[in-house]
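K.L.:
The amino acid sequence is not available; the structure is as follows:
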């Protein structure tokens, strides 16, 4: 399998639930990203990991907790979410952490918070 | 602050025809990168084309080409010989120079429909 794989594809959760999104890349890349895509809004960068170290957290609420156990896997742990957190969550990777690098995206997890 | 504006929320084109998607941006940098990403119904975004601001020659990738007007801060995408598979959301994005790690700034996107 190649590319960037995200699971689950869809997720419905209540505000008191705890769930996790998973991202896996088989490209040998060193940087991984979480993006949030909401309807009619630009893509928002949430977190960046470079060589397994978190390098950026763009003022994301603490109810979102990322984890990068190795350079191939990235998780986003969710707890006590709000309805406004409903969105498409995209994972991406790149060879290096530089904004001019080509990003490789997964197909995202469509999250609905009830 | 850097901004990217895509003024056309939706566009349509006949199959085999040519369509141009608009993108304007604002930045105080003299060197930067510009991108067009495509997001088909599968939701997986794919890089279509990338332009380095210091290169005057417009980038091309097969049927995709850009019209980069640095002074006007305009970066439009032209799709020639449109195909049904070109139907997707298209996002314009602005990035810093090579050594920078400021996040990409994306536009809100243009939804392109291709009519058979």
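P.N.:
Structure received. Predicted model, so just to flag it, every value in this text is computed and none were measured.
K.L.:
Show me where chain B has its strands.
P.N.:
B:3-5, B:10-14, B:19-21, B:24-26, B:33-39, B:46-52, B:60-61, B:64-69, B:74-79, B:88-95, B:105-106, B:110-115 (DSSP state E).
K.L.:
any idea of the mean pLDDT for the fourth one?
P.N.:
The one in question is strand B:24-26. Averaging pLDDT along strand B:24-26 gives 97.
K.L.:
go on, the second one?
P.N.:
Averaging the model's pLDDT scores along strand B:10-14 yields 98.
K.L.:
residue ranges for the strands of chain A, please.
P.N.:
Under DSSP E, chain A gives strands at A:4-7, A:10-13, A:18-25, A:31-37, A:44-50, A:53-57, A:64-70, A:73-79, A:87-94, A:104-105, A:109-113.
K.L.:
Rebuild the strands of chain B as JSON lines, extending it with distance to chain A and mean neighbour count.
P.N.:
Quick note: C-beta positions are derived from backbone N, CA and C, even for glycine. Formatted as JSON lines, those follow (distance: least, C-beta to the nearest C-beta, whole Å; neighbours: other C-beta atoms under 10 Å in any protein chain shown):
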{"stretch": "strand B:3-5", "distance to chain A": "7", "mean neighbour count": "16"}
{"stretch": "strand B:10-14", "distance to chain A": "12", "mean neighbour count": "14"}
{"stretch": "strand B:19-21", "distance to chain A": "16", "mean neighbour count": "19"}
{"stretch": "strand B:24-26", "distance to chain A": "12", "mean neighbour count": "16"}
{"stretch": "strand B:33-39", "distance to chain A": "4", "mean neighbour count": "24"}
{"stretch": "strand B:46-52", "distance to chain A": "5", "mean neighbour count": "18"}
{"stretch": "strand B:60-61", "distance to chain A": "12", "mean neighbour count": "12"}
{"stretch": "strand B:64-69", "distance to chain A": "15", "mean neighbour count": "18"}
{"stretch": "strand B:74-79", "distance to chain A": "14", "mean neighbour count": "21"}
{"stretch": "strand B:88-95", "distance to chain A": "4", "mean neighbour count": "24"}
{"stretch": "strand B:105-106", "distance to chain A": "4", "mean neighbour count": "22"}
{"stretch": "strand B:110-115", "distance to chain A": "11", "mean neighbour count": "17"}
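K.L.:
Quickly, which of the strands of chain A bottoms out on average pLDDT?
P.N.:
Among the strands of chain A, strand A:53-57 scores lowest, with a mean of 82.
K.L.:
Pull out the buried positions in it.
P.N.:
Under the neighbour-count criterion of 16 or more other C-beta atoms under 10 Å in any protein chain shown, strand A:53-57 has residue A:56 buried.
K.L.:
for stretch A:80-93, same thing?
P.N.:
A:81, A:85, A:86, A:87, A:88, A:89, A:90, A:91, A:92, A:93.
K.L.:
Straight-line length of it, end to end?
P.N.:
Distance between the two ends of stretch A:80-93: 27 Å, counting by C-alpha to C-alpha, to the nearest Å.
K.L.:
now check that stretch, is it near chain B?
P.N.:
Yes: legend: contact between stretch A:80-93 and chain B by C-beta under 8 Å from any C-beta of the partner chain is shown at A:88, A:90, A:92.
K.L.:
quick one: contacts of stretch B:44-62?
P.N.:
Here stretch B:44-62 makes contact (C-beta atoms under 8 Å, 6 or more residues apart in numbering or on different chains) with A:4, A:90, A:92, A:100, A:102-103, A:105-108, B:29-40, B:64-68, B:70, B:75, B:77, B:90-91.
K.L.:
if I look at the residue positioned nearest the centre of chain A, how far off is residue A:4?
P.N.:
Residue closest to the mean C-alpha point of chain A, counted by C-alpha atoms, centre = their mean, is residue A:34 at 3.0 Å. Between residue A:34 and residue A:4 the computed distance is 12 Å (C-beta to C-beta, to the nearest Å).
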